[in-house]
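> Predicted model follows, preceded by the sequence.
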Number of protein chains: 2
Amino acid sequence: MNKISVWKTIATRITRDIAKGHYESGSKLPSEAELSKQFSVNRHTVRHAISALVEDGLVYTKHGSGTFVATKSIRYNVGKRVRFHQSAQALGHNANKRILNLSTRAADDEERKALKLRKGTEVHIFEGIGLIAGMPISHFIAAFPAKRFPDMLENLSQNSSITNSFKVVGITDYTRTLTRITSVIADTTTAKNLNLKTGSALLRSISINSDMDGKPIEYGRTWFSGDHIELTIEN
Amino acid sequence: MNKISVWKTIATRITRDIAKGHYESGSKLPSEAELSKQFSVNRHTVRHAISALVEDGLVYTKHGSGTFVATKSIRYNVGKRVRFHQSAQALGHNANKRILNLSTRAADDEERKALKLRKGTEVHIFEGIGLIAGMPISHFIAAFPAKRFPDMLENLSQNSSITNSFKVVGITDYTRTLTRITSVIADTTTAKNLNLKTGSALLRSISINSDMDGKPIEYGRTWFSGDHIELTIEN
DNA sequence: AAACATTTGTCCGTATGTATT
DNA sequence: AAATACATACGGACAAATGTT
């Protein structure tokens, strides 16, 4: 069955302890030797766990000194609440959506990973075309955990605003935890959706929105027409 | 002395070989057993090196199958204090620059507007190619107010680091006040600079850096190869 | 299908180096 | 100077996933 490795369980144990406030921000964890004694494992196993936490940015190590709980405030606060629609509206443009597809299906690997779902879990899919002043500007596909938001599709079909739909289910605020942007060439279907020639430049944005507890609630992919859109990040 | 660990030298060796095109994208690396024999080290040492490359996103491993060269692009963090060089280094890649042009001339309209300069004011121009592991990744043009930074060009020619050059003139800290990203198609000259075909997708980033008083000190334009770069915004 | 070889993943143990306290 | 703590490197053994015969 699902055998979980020792180092992973130790990593989650430490993570949990930190989350619980067992260790304060900036405080020193027990030494590797101590931890290995506590968990009755080899020191290397503890090191493996700690190394994973370092990667996550949860702790950091200081050679000869110890392992310390990282302070959260170091992280960059750029683009936390940047939404494209908002900025389009702020520009005074008439922005709306054309819905192409509202459905529920098993999450693919990409969606599962982003939303931290188990295999076979279902997601709601919200696909459409973003319009500004009647011009097709973007093609988007958004995925939401179906179990957590049973009525999402109905809400979306009525008001077609993701933010508002989240509000209905009690999520009044959420932040973008990841934005990844690449430049790609339009294939035939995307080009057709956006009224472009095949081979045009597109901005592809992949984003993850999370609730205030840090749980991912939306995985979005958007293709913007490169001719019409600029992504602006202001501090 | 500057003692470099064995696993690190192995990691850079493999990185270099991949950059050189020794291994194709998606192809399998020699097995851990083979590599450890090649480098005359323990298998664990090779594993340590590979693990670092996996973190960098340069390769990925498949349990029971092998280690493969990732087709993945290099992530570039756009953040308040994140700079190209830094983020590339943070990824463990060997990043440096090739200078194409250092000169002083009257600012064009775009530069004047961004740097808030009067008509006819001069700017220093710093143009070059950004390299990661020897591969051309970006083409950049940076403009600085000449009057405020008289010795900028000399500094840049010596250490070729913008951050360090600012330090020399007393600017120890500055933040990115604007980042604007669009997708464009490579023209012939840019394509040539970046070893791409004309018509490839590019990410064009326009940025303004300002000192702690909010005065703009740098106007930068960068064209990233869309194949190799992802812009990532994390909170 | 089943047995086998290959390859990565996990875990243990030991020793030594290097930075900090 | 000594003790403590993390970093590196070696070695061995078995598990788990994959590919081949």
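Right, received. Where do you want to start?

> Run a quick neighbour tally on the nearest residue to A:N42 once chain neighbours are set aside.
Among residues not flanking A:N42 along the chain, A:S36 sits closest, at 6.2 Å (CB to CB, 6 or more residues apart in numbering or on different chains). C-beta coordinates here come from the backbone N, C-alpha and C atoms, glycine included. When counting by other CB atoms under 10 Å in any protein chain shown, one arrives at 18 neighbours for A:S36.

> Enumerate every residue touching A:S36.
Under the criterion of CB atoms under 8 Å, 6 or more residues apart in numbering or on different chains, the contact list for A:S36 reads A:42-43, A:45-46.

> those helices in chain A, which residues are they?
For chain A, the helices defined by DSSP state H cover A:6-19, A:32-38, A:43-56, A:84-90, A:109-115, A:152-159, A:162-168, A:188-193.

> Same list (those) but as CSV, adding mean pLDDT.
Output for the helices of chain A, formatted as CSV (pLDDT from 0 to 100):
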stretch, mean pLDDT
helix A:6-19, 85
helix A:32-38, 91
helix A:43-56, 87
helix A:84-90, 42
helix A:109-115, 84
helix A:152-159, 77
helix A:162-168, 73
helix A:188-193, 83
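
> picking up where we left off before, top of the contacts of A:S36 by number of neighbours, please.
A:V46 (27 neighbours).

> who in chain A is up against DNA strand C?
For chain A, the residues in contact with DNA strand C (CB under 7 Å from any atom of the strand) are A:5-8, A:40-45, A:48, A:62-65.

> which residues of chain A fall in strands?
A:59-62, A:66-69, A:95-106, A:122-132, A:135-145, A:175-185, A:201-210, A:216-225, A:231-234 (DSSP state E).

> How is chain A divided into domains?
Per automatic domain parsing, the structural domains of chain A span A:3-69, A:74-233.

> what about the last one, distance to the chain center?
Distance, stretch centre to chain centre, for domain A:74-233: 11 Å (CA atoms, centre = their mean, to the nearest Å).

> what do you get for the shortest one?
The gap between the average C-alpha position of domain A:3-69 and the chain average comes to 25 Å, counting by CA atoms, centre = their mean.

> Next, the contact list for A:S157, please.
Counted by CB under 8 Å, 6+ apart, A:S157 has contacts A:99, A:102.

> Geometric centre of chain A: which residue is closest?
Taking CA atoms, centre = their mean, the centroid of chain A lies closest to A:I208, which sits 2.3 Å from it.

> That one: what's it in contact with?
With CB under 8 Å, 6+ apart, A:I208 has these contacts: A:114-115, A:176-178, A:216, A:218-220.

> at 7 Å what do you get?
Each residue near A:I208 by CB atoms under 7 Å, 6 or more residues apart in numbering or on different chains is listed here: A:114, A:177-178, A:216, A:219.

> Check A:N193 too.
A:129, A:136, A:139.

> Which residues of chain A lie near DNA strand D?
For chain A, the residues in contact with DNA strand D (CB under 7 Å from any atom of the strand) are A:3, A:29, A:31-34, A:44, A:47, A:61-67.

> let's see 10 Å
Residues of chain A found near DNA strand D, taking CB under 10 Å from any atom of the strand as the criterion, are A:1-3, A:5, A:28-36, A:42-44, A:46-47, A:50-51, A:54, A:59-68.

> Buried ones only from those residues, please, as a ChimeraX command.
Buried subset of the residues of chain A next to DNA strand D, written as a ChimeraX selection, criterion 16 or more other CB atoms under 10 Å in any protein chain shown:
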select /A:29,32,35,36,46,47,50,51,59,61,67,68
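
> hang on, isn't A:I185 packed against A:G199?
Yes - using CB atoms under 7 Å, A:I185 is in contact with A:G199, at 5.7 Å.

> Neighbour count: the two, which is higher?
A:I185 (18 against 13).

> From B:T175, how far out is A:S225?
Using CB to CB, to the nearest Å, A:S225 is found at 30 Å from B:T175.

> Just want to know which of those two has more residues nearby.
A:S225 (25 against 15).

> shaky segments in chain A?
By pLDDT under 70, the low-scoring segments of chain A are A:1-2, A:19, A:56-57, A:71-96, A:132-135, A:159-160, A:172-173, A:176, A:226-235.

> Swap in 50 and give it another go.
Low-confidence segments of chain A (pLDDT under 50): A:1, A:72-94, A:234-235.

> about what we covered before: could you count how many residues lie near the residue found closest to the residue nearest to the centre of chain A once you drop the neighbours it is linked to in the chain?
Distances taken as CB to CB, 6+ apart put A:L178 closest to A:I208, at 4.2 Å, once the chain neighbours are dropped. Close neighbours of A:L178, defined as other CB under 10 Å, add up to 17.
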